[in-house]
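K.L.:
Predicted model follows, preceded by the sequence.
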Amino acid sequence: MSELGEILRRLRGNMSLREAAKRSGLSYSYISSLESGKHPRTGDPIKPSPESLKALAKAYPNSSYSELMKVAGYLENLQDIKDDEILEKKNALIEKIFSLPEAEQKLINDMVSSLLKNKTNNE
């Protein structure tokens with residue numbers, strides 16, 4: 001089993017392959033192949049796409065998309081990982097804000113504008 005495969009298996013925990021497939025939108029046979037680290041027909045190493053890793057990261061609690069990207073060989077230096085995690089957090093925050101009622105979104109916008117104005121005045 002590959003390092004990525006071991007990590008995916010650990011992250012899946014007690015969740016069945018079918019449940020992982022349902023949560024991620026990937027097939028259970030594909031997830032199984034990723035965990036084994038080999039293509040089932042050829043036996044060649046298998047490398048998931050960034051989109052597949054993102055789907056698995058969302059499906060598995062306590063997983064990190066950037067960590068999966070690093071282990072899969074897509075990210076090579078720590079700054080790439082930090083930048084990716086920051087982007088993930090920003091996107092998650094934006095999603096949360098847009099899920100709020102419009103009046104609360106306006107309040108948040110006003111607060112941020114005020115903070116930025118204060119920061120500019122203090123510099």
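P.N.:
Happy to help now that I have it.

K.L.:
Residue 47: what's it in contact with?
P.N.:
With contacts defined as CB atoms under 8 Å, 6 or more residues apart in numbering, residue 47 is in contact with 72, 73. C-beta here means a position set from N, CA and C on the backbone, and glycine is covered the same way.

K.L.:
Quick check: which element contains it?
P.N.:
Using DSSP states H and E, residue 47 maps to neither a helix nor a strand.

K.L.:
tell me the secondary structure for residue 41?
P.N.:
coil (DSSP: H, G, I helix; E, B strand; the rest coil).

K.L.:
Need the pLDDT of it.
P.N.:
If you check residue 41, the pLDDT there is 91.

K.L.:
Tell me how far it lies from residue 32.
P.N.:
13 Å (CB to CB, to the nearest Å).

K.L.:
show me what contacts the residue nearest to the spatial centre of the chain?
P.N.:
When CA atoms, centre = their mean is applied to the chain, the residue found nearest the centroid is residue 65 (3.2 Å). Residues near residue 65 by CB under 8 Å, 6+ apart: 53, 54, 57, 58, 84, 88.

K.L.:
on that earlier part again, for residue 41 and residue 32, indicate the residue with more neighbours.
P.N.:
residue 32 (16 against 7; other CB atoms under 10 Å).

K.L.:
circling back: next one: the residue nearest to the centre of the chain from residue 118, what distance?
P.N.:
Taking CB to CB, one finds residue 65 at 34 Å from residue 118.

K.L.:
What of residue 98?
P.N.:
25 Å.

K.L.:
Over to residue 108?
P.N.:
Counting by CB to CB, the gap from residue 108 to residue 118 is 16 Å.

K.L.:
Residue 8 now?
P.N.:
Taking CB to CB, one finds residue 8 at 46 Å from residue 118.

K.L.:
Please say which of these two ends up with more neighbours.
P.N.:
residue 8 (26 against 10).
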